[in-house]
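**Student:** sequence and predicted structure, then a few things I'm wondering about:
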Amino acid sequence: MATHIAPAFRNPLTDMSGGILTHQSGKSCAEFEMRAMECLEAYGVQRGRARCVDYLDDLRECTFQTKQLARVSAMRMERHRQWLAGERSGTDHYAPAPRTDSY
């Protein structure tokens, strides 16, 4: 995450495609990326790796969603454990879906 990818030479094509490897076009991770890059710019990449760990961890979590996916997996495993133990019936294994026009 803290590495900088720069082209060997610069031309209009590299300028137009420079935003492909960033999160600025999306809504969810743009702010995390800006905070991390501002911190890395302030301290430099070498010292920033030690000082900007929190910002880089937030960006990494927003990008890969490891904690969120682990939470969903744990909830699924708990529901499956309850179903195997007989605490839930087969029809009650998952919560009912909301109506299609509910939002």
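**Tutor:** Looks like it came in fine. Numbers count the residues shown, from 1 in each chain.

**Student:** wait, residue 43 touches residue 53, no?
**Tutor:** No. Residue 43 lies out of contact with residue 53 (Cβ atoms under 8 Å); the separation is 11.2 Å. The C-beta positions use only the backbone N, C-alpha and C, and glycine is treated the same way.

**Student:** ends of stretch 18-25, how far apart?
**Tutor:** 12 Å (Cα to Cα, to the nearest Å).

**Student:** for that stretch, list every residue counted as buried.
**Tutor:** Residues residue 23 are the ones in stretch 18-25 that count as buried (16 or more other Cβ atoms under 10 Å).

**Student:** what mean pLDDT does that stretch get?
**Tutor:** What stretch 18-25 shows for mean pLDDT is 75.

**Student:** contacts for it?
**Tutor:** Applying Cβ atoms under 8 Å, 6 or more residues apart in numbering, the contact partners of stretch 18-25 are 5, 29, 30, 32, 33, 34, 59, 62, 63.

**Student:** 6 Å - rerun?
**Tutor:** 29, 30, 33 (Cβ atoms under 6 Å, 6 or more residues apart in numbering).

**Student:** gap between the first one and residue 87?
**Tutor:** If I follow you right, that is residue 29. Distance from residue 29 to residue 87, counting by Cβ to Cβ, to the nearest Å: 38 Å.
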